[in-house]
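K.L.:
Whatever this is, show me its structure:
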Amino acid sequence: MASNILTPEQNWRGIILLGKNTATYKLGLAKVLLDQAILGKTHISMDELSASFFELYKERLKTNRPQLNHISRKTVMERVVAKYNLEILSKEQAIEEVRINAFNDVLPRFHTIDNITVSSNFYHFDFSTGLTITDKTFEAISNSNLQSLIEEITTRWDLLEAAFEIRKSNSKLENDIRAFYLLNGYKRTDITHLRSALDGYQKGKCFYCGLPMFEENIEVDHVIPRQIVYHDEVWNLVLAHSLCNQQKSDHLPTKQHIQHLINRNEFLIKSNHPLKDKIISALGLTPKKRFGTVMKVYNEAVQILKTPWDELAGYDPATDPIFQAFVKINNE
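P.N.:
Numbering: from 1, shown residues only. Below is the predicted model:
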């Protein structure tokens, strides 16, 4: 899906802010593109791209911070730089390994945000000849916001590394807490039938960004990620745009989201909603007990995930204009 609503700069910022958070490759590619565009270059060969990518990651990895949201795996770039540092690979061999293995996913997917293809193509590419930088890139950096675009890449990269590092350092605690919930949890069930019941409180608006939802673009989401609680109990379920749900993914909700969730549950109970008994059964007989139950689960999730979604993303989904613009595009 594409749209002509956004400027090249807005599309660029959307890629940086809303791109997938599983690894840092989009940020690395964005940094190389900006560096080359600032120099006025319109074409980057695969050899030049690989060399720039290698130098960028070689410097970045001096801190030894992880580049992938996985406890035990490493990215191609981490493995290549490690082998170079151990003198297993020469510089030329390292760059060649980058050229062969590092770009298979990021080059085709750079311009996509979940199921949205941005309207500005910042380059065209061919795996044999390299990248041709388009006018859209130069339009994106043509104004006084160039420095902020550079800083945004750096800040986003820092946030991702910090989140990945926290997850790896807390892997034992994470396993212990998850083991408890897994023992008391159950297999995933079909929860789409709850959409109409949940919508009574939200009145057709997304739980996270507050914008209207349309029938074909509504998903049921676990506020506290299911990968932690291992259940589909209604007290933890809300309706969200598909884009908002995909962006939040398995990230930690903010305290504001948790309070919103608690308020929603109390509203359903006071209004004698059909879900009332299920919520009381799961959380407790009194508002104080229910609050304590939800906060206990949330605080345990904090120990595992640490960084809230909005801090990791660098935006508030309810107010950020770039995020809201892409939600509206996704609703088209």
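
K.L.:
for the helix or strand encompassing residue 301, packing partners?
P.N.:
Taking DSSP states H and E as the definition, residue 301 sits inside helix 287-305. With contacts defined as 3 or more CB pairs under 8 Å, 6 or more residues apart in numbering; DSSP states H and E, the packing partners of helix 287-305 are helix 146-169, helix 171-184, helix 226-229, helix 255-270, helix 276-283. The way it works is simple: take the backbone N, C-alpha and C, and place the C-beta from them, glycine included.

K.L.:
and that helix with helix 146-169, angle?
P.N.:
100 degrees (axes from the mean of the first three to the mean of the last three CA atoms, to 10 degrees).

K.L.:
Would you mind telling me which of the helices and strands packed on helix 287-305 is nearest residue 304?
P.N.:
helix 171-184 (4.5 Å; CB to CB).

K.L.:
Beyond the closest one, next helix or strand please.
P.N.:
Past helix 171-184, the next helix or strand by DSSP H and E is helix 195-202.

K.L.:
in that next one, what counts as buried?
P.N.:
For helix 195-202, burial by neighbour count (16 or more other CB atoms under 10 Å) applies to 198, 201, 202.

K.L.:
what pLDDT does the first one get?
P.N.:
Put plainly, it is residue 198. Looking at residue 198, its pLDDT stands at 84.

K.L.:
which residues sit in contact with it?
P.N.:
Applying CB atoms under 8 Å, 6 or more residues apart in numbering to residue 198 gives the contacts 220, 234, 237, 238, 239, 275.

K.L.:
try the last one
P.N.:
Contacts were defined as CB under 8 Å, 6+ apart; by that measure residue 202 touches 238, 239, 264.

K.L.:
Are we agreed that the first one is in a strand?
P.N.:
Just to be clear, that refers to residue 238. Yes: using DSSP: H, G, I helix; E, B strand; the rest coil, the assignment for residue 238 is a strand.

K.L.:
residue ranges with poor pLDDT in the stretch 51-200 of the chain?
P.N.:
Residue ranges of the stretch 51-200 of the chain with pLDDT under 70: 143-144, 167-187.

K.L.:
Checking my notes, residue 220 in a helix, right?
P.N.:
No: Residue 220 is assigned strand when assessed by three-state DSSP, not a helix.

K.L.:
Correct me if wrong: it contacts residue 190.
P.N.:
No: with contact defined as CB atoms under 8 Å, residue 220 does not reach residue 190; the gap is 9.7 Å.

K.L.:
More neighbours: these two, which one.
P.N.:
residue 220 (18 against 8; other CB atoms under 10 Å).

K.L.:
Roughly how far does residue 160 sit from residue 96?
P.N.:
Plainly put, residue 160 is 27 Å away from residue 96 if you go by CB to CB, to the nearest Å.
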